[in-house]
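Undergrad: Structural data only, the sequence is not supplied:
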């Protein structure tokens, strides 16, 4: 949710150098989209959005979140689709944010279908998701959707596929031994090796989290243990007003020397590290999370019965970090307000110095309104060198702000 990255096509070469594969048969990502007949397609925009039918009749656009367990519905969507016939109980929930959040729980039975597959849930959590992910999401699907299944995820071709229990990946995939966070198999852990600098290596356990749009975020306990604030003195602070369920997050980000997953190495990529002592990122059972900005660089097969993970580079690999950035995190509120809401600002970035604040509503960017800029175009505009002129609604006042992009 914090940074948009632009896909490129890469041809993978030989052994152990950064951004290349280890010494195995070279895999060149296909340039031809070939979607299997039994695949379930999704829209990929930092998250994986599926078209789902709930309770046999209600169409919904739900994001797949392996950091979540069951069915979670946006409150506005719930009120419009189910509110007149269902009864809610009050609960306090936590997530990526630093606080617990008031939510509601509907304890009636639920069912949903995704492709030809049907799933049942014994409850649904209801809260304000659109303030986090934008107006085009109706809810989240969690690990219950894939529990005890073997699943293929293709970020290249935007599909997911349930595979037979006898399926064995071919030699183009590298096997990673994952593990489960608990006996309920409610979360999946994968190993990764982070070389911070010549003297600091984190050989850690990371939560595989398709609900995170960012790449790697290191938890507060691990970042403190390895003194990342001292080792990365030029790290920049990113403050999100709505970083996830539980509200605000404060993370620092910086390029590090190397990320290695399954023998594949990426140099000088950005990682985040947290100082929050509350929320999911503060859980000391793992060192941090791995989100879609990293996961999308691979074709992935996961056995959710055994925690075995298989990866091979996708066309997004190695995907170098963008050269320019706005320092802003924008949440698309096209249906509610007809604006982008500034959900986060990097401290001391040019946009921040020019006066842009969290919760500002952006009416236009370089003369174009939200109706004229889709998410893909916004990605491109965010990372090219072009200056931005934005019109902002702040309270009852409309102001104009000009700024140059930051060189990352």
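TA: Now that the structure is in, tell me what you want to look at. Computed from a prediction, not measured in an experiment: that's the story for all the values here.

Undergrad: Would you map the helices across the stretch 251-400 of the chain?
TA: 292-295, 350-353, 375-383 (DSSP state H, counting those that start in this stretch).

Undergrad: residues near residue 354, how many?
TA: Residue 354 has 14 neighbouring residues, counting by other CB atoms under 10 Å. From N, CA and C alone the C-beta is placed, and that goes for glycine too.

Undergrad: now do residue 254
TA: When neighbours are defined as other CB under 10 Å, residue 254 has 16 of them.

Undergrad: again with residue 386
TA: Around residue 386 there are 14 residues (other CB under 10 Å).

Undergrad: Span of stretch 314-331 from start to end?
TA: Stretch 314-331 has an end-to-end distance of 27 Å (criterion: CA to CA, to the nearest Å).

Undergrad: Okay, buried residues for it please.
TA: Buried positions in stretch 314-331, judged by neighbour count with 16 or more other CB atoms under 10 Å: 314-319, 321-322, 325-331.

Undergrad: same question, stretch 343-352
TA: For stretch 343-352, using 16+ other CB under 10 Å, the buried residues are 343, 344, 345, 346, 349, 350, 351, 352.

Undergrad: Please apply the same query to stretch 263-274.
TA: For stretch 263-274, burial by neighbour count (16+ other CB under 10 Å) applies to 264, 265, 266, 267, 269, 270, 271, 272, 273, 274.

Undergrad: ok, then the element right after the one helix or strand residue 193 maps to?
TA: In this structure, residue 193 sits in strand 188-197 according to DSSP states H and E. Sequence-wise, the next helix or strand downstream of strand 188-197 (DSSP H and E) is strand 200-208.

Undergrad: Now do the same for the helix or strand following that next one: mean pLDDT, whole number.
TA: Sequence-wise, the next helix or strand downstream of strand 200-208 (DSSP H and E) is strand 216-218. Average pLDDT, strand 216-218: 96.

Undergrad: could you say what helices and strands the helix or strand just after strand 216-218 packs with?
TA: Later in the chain than strand 216-218, the nearest helix or strand by DSSP H and E is helix 220-225. Applying 3 or more CB pairs under 8 Å, 6 or more residues apart in numbering; DSSP states H and E, we find helix 220-225 packed against strand 270-274.

Undergrad: possible to save the buried residues of stretch 263-274 as TSV with distance to residue 60 and pLDDT?
TA: Conversion of the buried residues of stretch 263-274 to TSV gives the following (distance: CB to CB, whole Å; pLDDT from 0 to 100):
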residue	distance to residue 60	pLDDT
264	35	96
265	39	95
266	35	92
267	40	91
269	34	91
270	33	91
271	33	94
272	30	94
273	35	94
274	31	89
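
Undergrad: any chance of those in a markdown table, with distance to residue 223 too?
TA: As requested, the buried residues of stretch 263-274 are arranged in a markdown table below (distance: CB to CB, whole Å):
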| residue | distance to residue 223 |
| --- | --- |
| 264 | 24 |
| 265 | 22 |
| 266 | 20 |
| 267 | 21 |
| 269 | 17 |
| 270 | 14 |
| 271 | 10 |
| 272 | 9 |
| 273 | 4 |
| 274 | 6 |
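
Undergrad: Between those, which sits nearest residue 309?
TA: residue 264 (12.7 Å; CB to CB).

Undergrad: Show me the beta-bridge partners of the closest one.
TA: With DSSP bridges as the criterion, residue 264 is bridged to residue 261.

Undergrad: hang on, the earlier thing: I'd like the buried residues of stretch 343-352 laid out as a markdown table, including distance to residue 132.
TA: What follows is the buried residues of stretch 343-352, written out as a markdown table (distance: CB to CB, whole Å):
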| residue | distance to residue 132 |
| --- | --- |
| 343 | 8 |
| 344 | 11 |
| 345 | 16 |
| 346 | 18 |
| 349 | 21 |
| 350 | 25 |
| 351 | 21 |
| 352 | 21 |
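
Undergrad: Those residues: which two are farthest apart?
TA: Maximum distance among the buried residues of stretch 343-352 (CB to CB): 17.9 Å, for 343 and 350.

Undergrad: where along the stretch 1-150 of the chain do the helices fall?
TA: In the stretch 1-150 of the chain, the helices defined using DSSP H, counting those that start in this stretch lie at 75-81, 130-133.

Undergrad: what does the first one rub up against?
TA: Residues from elsewhere that reach helix 75-81 (CB atoms under 8 Å, 6 or more residues apart in numbering): 54, 58, 60, 104, 106, 124, 126-130, 138-139.
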